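Colleague: Prediction below, plus the sequence it came from.
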Amino acid sequence: MSIQTDRLKELLEEKRILTAPAAFDALSAKLIQKNNFDIVWVSGASLTNAFLGNADVGMISYGEVKGVVHNIMTAVDMPIIIDVDTGYGGVLNTYRMTKEFETMGVAGIQIEDQSFPKRCAYFSGVNVVDVKEMASRLNAVLKARENKDFLIIARTDAGKSLGFKEAMRRAKLYYEMGADMLFISAPESEEELNEMVKSGIPFCTAIVEGTATENLNMLELEKMGFKIAKYPQTLIRASMKGMENALKDLKDTGTVSETKGFVVTSKQRNELTDLSMFTNLEKEFNE
């Protein structure tokens with residue numbers, strides 16, 4: 001039994017919403033833990049941006065994701081939920097992936113009904129498979145799962161191409177198939193969000209800058225009835241902006257004098273990356 005799976009179950013049983021910023025590497029995960037959030041979300045889009053330098057158009061592999069997740073799990077002590085896209089291949093690949101992530105101690109996964117190659121839900125050209133194919137993916141995940149508390153979130157991207165009504169229909173079907181929680185990507189209004197939770201099905205949602213959800217706060221989402229609010233793009237986009245500002249300052253002025261206002265100090269960097277702990281360990285090992 002995974003300690004973090006048990007911890008996530010306890011958190012979900014509390015009558016409050018869980019805020020889940022998305023990490024894209026071990027350092028961003030450590031910052032999430034340092035700032036006292038309860039869970040870490042691993043976003044496929046953010047990870048693809050950071051790891052490959054590419055847009056989220058289905059190019060990252062299971063092995064690459066698994067390596068980053070391993071580093072994140074080594075760096076933090078908190079429940080981790082992974083966006084596993086469409087399952088990294090056929091149903092046997094999905095089965096293997098689920099087994100391995102659960103064995104590693106991941107607390108849950110989110111799997112979606114997009115066709116392959118998948119792409120960010122906010123891009124054009126998003127297409128979904130039929131319900132039967134998504135059922136096969138869910139069957140593989142459910143068969144692989146050994147601990148019933150290992151969280152399975154089923155995501156549908158049907159809203160953009162087939163409409164919100166079809167997205168809701170699919171969400172209900174995926175719940176009946178055995179998913180623990182549902183996610184409908186890219187909602188277009190607060191009314192759609194309210195309709196989700198009024199269905200009585202456990203839902204999570206995503207807050208994405210520049211979309212219909214960007215101004216909603218945790219209290220509003222909690223009152224609606226959402227279980228988890230994830231922020232899949234916030235940290236990667238904030239880091240991109242910070243690096244862009246620093247590089248522009250250096251290019252324009254030839255110095256980094258203006259950059260000091262938005263970078264951590266050396267002391268803060270060393271504290272976050274555990275320099276003193278490793279220094280002390282090194283001394284201990286050499287005694």
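Modeller: Everything's here; your move.
Colleague: how deep is M240 tucked in, by neighbour count?
Modeller: 13 (other C-beta atoms under 10 Å). Backbone N, C-alpha and C define where each C-beta goes, glycine included.
Colleague: List the contacts of the closest residue in space to it that isn't next to it in sequence.
Modeller: Closest residue to M240 apart from its sequence neighbours, by C-beta to C-beta, 6 or more residues apart in numbering: N49 at 7.8 Å. Counting by C-beta atoms under 8 Å, 6 or more residues apart in numbering, N49 makes contact with 24, 55-56, 236, 240.
Colleague: how about a cut-off of 10 Å?
Modeller: N49 makes contact with 24, 43, 55-56, 60, 120, 233, 236-237, 239-240, according to C-beta atoms under 10 Å, 6 or more residues apart in numbering.
Colleague: Show me what counts as buried in the longest helix along the chain.
Modeller: Of all the segments of type helix in the chain, defined by DSSP state H, the longest one is helix 234-253. By 16 or more other C-beta atoms under 10 Å, the buried positions in helix 234-253 come out as 234-237, 239, 246, 249.
Colleague: and what of stretch 2-22?
Modeller: 2, 4-5, 7-9, 11-12, 17-22.
Colleague: Near the residue nearest to G108 when sequence neighbours are not counted, how many residues? Count them for me, please.
Modeller: Of all residues not flanking G108 in the chain, L151 sits nearest, at 2.8 Å (C-beta to C-beta, 6+ apart). Counted with other C-beta under 10 Å, residues neighbouring L151 total 26.
Colleague: pLDDT score assigned to L151?
Modeller: Looking at L151, its pLDDT reads 98.
Colleague: Kindly report the same for P117.
Modeller: pLDDT, read off for P117, is 88.
Colleague: got it, and M1?
Modeller: 59.
Colleague: And K143, by the same measure?
Modeller: 98.
Colleague: how close does it get to V57?
Modeller: K143 sits 29 Å away from V57, going by C-beta to C-beta, to the nearest Å.
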